[in-house]
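[1] Provided below are the primary sequence and the corresponding predicted coordinates.
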Amino acid sequence: MPVGRYAPSPTGTLHVGNLRTALAAWAWSRHDRSGFRMRFEDHDRHQAADEHERAQLRDLEALGIDWDEPVTRTSDRWERYAAVLDEFVAQDRTFPCWCSRRDIREAAAAPHAPVEGYPGTCRDLDAAGRARRAAESRVEAPSLRLRGEGEVVGFVDAVVGPVEGRVDDIVLRRGDGLPSYNLTVSVDEVDEGIEVVVRADDLVPVTPAQIVIIRHLGGTVPTYAHVPLAVAAGTGRRLAKRDGAVTLPELEAAGWTATGVRTELARSLGWCGDDEVPSSGELLDRFDPHHLVRTPWVYDLDERRPW
Ligand code: GLU
């Protein structure tokens with residue numbers, strides 16, 4: 001009975017690629033009547049966030065997606081993340097880092113540099129070394145990194161298959177004082193008891209870091225299922241707003257019904273046949289996580305006859 005979640009950022013209207021991932025995430029949990037949560041990841045909350053949240057929930061609901069209340073927000077939990085950071089600092093699991101992105105890029109370009117990632121510049125400094133870095137640094141305030149050992153973390157993704165990634169010293173708190181996405185998402189998975197994370201496959205590379213943080217928190221690592229992205233027909237690049245009618249309101253304006261869009265999304269995931277129009281309940285009943293399509297979806301709804 002995997003408890004799942006969908007965790008968009010309220011920065012605009014969801015496009016059909018996002019809606020497709022949301023549909024898969026919802027079905028993964030709800031097909032066996034399990035919990036499904038909505039979380040808005042709003043680190044950089046800006047003025048229109050309320051409006052975007054309402055619009056996103058409305059579009060999800062129009063497709064028949066339902067979730068357990070309450071809807072949660074990253075920005076409501078700063079104190080919780082700060083408490084986790086305080087604990088990690090007290091246990092000496094972290095170190096302050098004064099490196100700018102440019103420092104890291106330049107260090108990586110130097111001869112004999114580690115092939116990828118953070119070069120470890122600030123990892124083992126004593127008090128004098130820290131004072132020197134603070135004085136020479138180009139950044140206003142240090143970030144806080146989790147002391148890592150460059151371990152290689154592997155997991156078996158339920159869609160992608162086996163994945164491995166090297167994890168070095170992960171940023172937990174950014175230079176601007178906000179907790180990093182990798183920290184907040186990991187704390188939230190643990191606190192919300194999330195058992196399956198279904199999301200787009202552009203997040204595969206950061207998953208090993210999240211697994212490391214979840215282990216540090218003493219939590220159970222969820223099953224990950226990374227769904228291939230939707231791509232634009234012309235360019236093959238990840239679908240974006242500039243690619244035409246790509247949101248539910250835009251498709252509705254062109255004559256599509258929510259049922260039509262939901263059915264096309266389910267078909268694109270290999271979860272119903274071309275001549276069927278299942279209700280959302282029927283879609284749940286027949287959902288089989290083992291038979292999801294594993295290739296990107298080439299978006300074509302805006303070229304098809306609406307129904
Ligand atoms: N908030 C992220 C996004 O909108 C998703 C992160 C996640 O699902 O872990 O891309």
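    Structure's in. What do you need? Please read these numbers as outputs of a predicted model, since none were measured by experiment. Numbering: from 1, shown residues only.
[2] wait, doesn't residue 155 sit right on residue 212?
    No: applying Cβ atoms under 8 Å, one finds residue 155 not in contact with residue 212, separated by 11.0 Å. Using the backbone N, CA and C atoms, a C-beta is placed for each residue, glycine as well.
[3] More neighbours: which of those two?
    Set side by side, residue 155 and residue 212 show more neighbours around residue 212, with 22 against 19, by other Cβ atoms under 10 Å.
[4] tell me the mean pLDDT for the helix or strand where the more buried one lies?
    Element membership of residue 212 [criterion: DSSP states H and E] is helix 207-216. When pLDDT is averaged along helix 207-216, the result is 97.
[5] go on, stretch 147-165?
    For stretch 147-165, the mean per-residue pLDDT is 94.
[6] The helix holding residue 212 vs the ligand: in contact?
    No: counting by Cβ under 6 Å from any ligand atom, the ligand has no neighbours in helix 207-216; the shortest distance is 7.9 Å.
[7] and stretch 235-250, which residues are buried?
    Applying a neighbour-count criterion of 16 or more other Cβ atoms under 10 Å, the buried positions in stretch 235-250 are 239, 243-248, 250.
[8] before we move on, what about stretch 52-59?
    Applying 16+ other Cβ under 10 Å to stretch 52-59 flags 52-53, 55-57, 59 as buried.
[9] Any chance of these in CSV with distance to the ligand, secondary structure and pLDDT as columns?
    Formatted as CSV, the entries for those read as follows, by distance: Cβ to the nearest ligand atom, whole Å; DSSP: H, G, I helix; E, B strand; the rest coil; pLDDT from 0 to 100:
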residue, distance to the ligand, secondary structure, pLDDT
52, 11, helix, 96
53, 12, helix, 97
55, 14, helix, 97
56, 10, helix, 98
57, 14, helix, 98
59, 14, helix, 98
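[10] Looking at those, which is nearest residue 91?
    residue 53 (35.5 Å; Cβ to Cβ).
[11] For the closest one, which residues are in contact?
    The neighbours of residue 53, taking Cβ atoms under 8 Å, 6 or more residues apart in numbering as the test, are 10, 40, 71.
[12] Select only the buried ones of these in PyMOL?
    The PyMOL selection below is limited to those of the contacts of residue 53 classed as buried (16+ other Cβ under 10 Å):
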select buried, resi 10+40
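[13] Which ones among the contacts of residue 53 lie within strands?
    Under the assignment DSSP state E, those contribute 40, 71 to strands.
[14] Just give me the closest of the contacts of residue 53 to residue 163.
    For the contacts of residue 53, the residue nearest residue 163 by Cβ to Cβ is residue 40; the value is 26.6 Å.
[15] Grab the nearest non-local neighbour of residue 153.
    If you skip the residues right next to it in sequence, residue 153 has residue 208 as its closest partner in space, 3.8 Å away by Cβ to Cβ, 6 or more residues apart in numbering.
[16] Let me fix that, I meant to ask about residue 42.
    residue 75 (4.9 Å).
[17] Between the buried residues of stretch 235-250, which sits nearest the ligand?
    Among the buried residues of stretch 235-250, residue 239 lies closest to the ligand (Cβ to the nearest ligand atom), at 13.2 Å.
[18] That closest one and residue 8: what is the separation?
    Taking Cβ to Cβ, to the nearest Å as the measure, residue 239 falls 15 Å from residue 8.
[19] In space, what's closest to the residue of the stretch 201-307 of the chain found nearest the ligand - neighbours in sequence excluded?
    Ranking the residues of the stretch 201-307 of the chain by distance to the ligand (Cβ to the nearest ligand atom) places residue 203 first, at 5.6 Å. Taking Cβ to Cβ, 6+ apart as the measure, residue 203 lies nearest to residue 226, with 6.5 Å between them; neighbours along the chain are not counted.
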